[in-house]
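Trainee: any chance you can model this:
(one chain, ligands or ions: 1)
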Amino acid sequence: MLLNFTKMHGLGNDFMVVDLISQRAHLRDDQIRQLADRHFGIGFDQLLLVEPPRQPDMDFRYRIFNADGGEVENCGNGARCFARFVIDQRLTHKREFKVETLGGPLTLKVDEDDRVRVDMGAPRFGPAAIPFVADRDQPLHRIDLDGQALELSVASMGNPHAVLQVDDVDMAPVETLGPRIQQHPSFPRQANVGFMQIDSPHAIRLRVFERGSGETLACGTGACAAVACGIRRGLLQSPVEVELRGGRLTLEWPGGETPMIMTGPAERVFEGRIALS
Ligand SMILES: N[C@H](CCC[C@H](N)C(=O)O)C(=O)O
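Mentor: As a prediction, the model looks like this:
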């Protein structure tokens, strides 16, 4: 069968976006892995599926699969591309709409200068919400990594995040330490691992080793988690500019149970069609 798709990215975090409202298809995890391959397939960090809503007050269902084929709860850069996609494909006449995800509802809004504003929901920090193995919620946790004590913060944006504060993101051991924390037994569902350099109360630099995809050029939920943890520790103040390797996001969060608001770009690269085996 032939599958129509659009290749998109949010700050270099790249996606294959598929409209399953106008066409029917089922993609197995082995097919997703093959399509994600940057040599034998299309190549992407995540696959995003646009589906009809299942809940009454939602406009769409937004499903996210990592390059390893695993379905996950949320993807912030993907949410901005999702919003751009459904407008470009005329799947909605609205410029603000709600989508359901495994991690909870998101409200997406495309403003006049084509930047996309996403209500990402409220960050959560309790160990059960992450999930993270600890007997209480605290701004900084300590894990043992092969005899080395490591301090980190944890947060959920629907998906699990660990956040380490570093002096220099360019020197951070993302490729070596990232996977070891991601797969640490303290994270029963693994974790996305952010390395955050604080430049001022309103500006950070961030690199993220993502669960299921490795280091990406940007991670939207990772930026939300890093800012939430920094604000909670009194090191950051809203709004915060987050400089990622692929570009910049603006995050606003007054704290508490209020939603984190993420604003940034979403780009379309090309349309394609692929024969599914
Ligand atoms: N790797 C993430 C999903 C994609 C998140 C990221 N691409 C974003 O923009 O939030 C996870 O396994 O939870």
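
Trainee: which other residues reach stretch 13-31?
Mentor: The set of residues external to stretch 13-31 that reach it, using Cβ atoms under 8 Å, 6 or more residues apart in numbering, is 1, 3-9, 35-36, 42-52, 65, 69-70, 77-78, 81-82, 85, 89, 91, 216-220, 246, 269, 276-277. (Each C-beta comes from the backbone N, C-alpha and C, glycine too.)

Trainee: ok, and does it reach over to the ligand?
Mentor: Yes: in terms of Cβ under 6 Å from any ligand atom, part of stretch 13-31 sits within range of the ligand, namely Asn13.

Trainee: just the endpoints, please. Distance across that stretch?
Mentor: Across stretch 13-31, the straight-line distance between its terminal residues is 20 Å, by Cα to Cα, to the nearest Å.

Trainee: report the buried residues of that stretch.
Mentor: By neighbour count, and taking 16 or more other Cβ atoms under 10 Å as the criterion, the buried residues in stretch 13-31 are 13-20, 27, 31.

Trainee: repeat for stretch 159-178
Mentor: The neighbour-count criterion (16+ other Cβ under 10 Å) identifies 159-166, 169, 172, 174, 177-178 as the buried residues of stretch 159-178.

Trainee: what subset of those residues is also close to the ligand?
Mentor: Of the entries in the buried residues of stretch 159-178, those that also sit close to the ligand under the rule Cβ under 6 Å from any ligand atom are Asn159.

Trainee: just to revisit the earlier point, wait, which of the buried residues of stretch 13-31 is closest to the ligand?
Mentor: The shortest separation between the ligand and any of the buried residues of stretch 13-31 is 4.9 Å, and it belongs to Asn13 (by Cβ to the nearest ligand atom).

Trainee: which residues of the stretch 101-250 of the chain lie near the ligand?
Mentor: That would be 159, 192, 210-213, 216, 219-221, which are the residues of the stretch 101-250 of the chain within reach of the ligand (Cβ under 6 Å from any ligand atom).

Trainee: thank you, goodbye.
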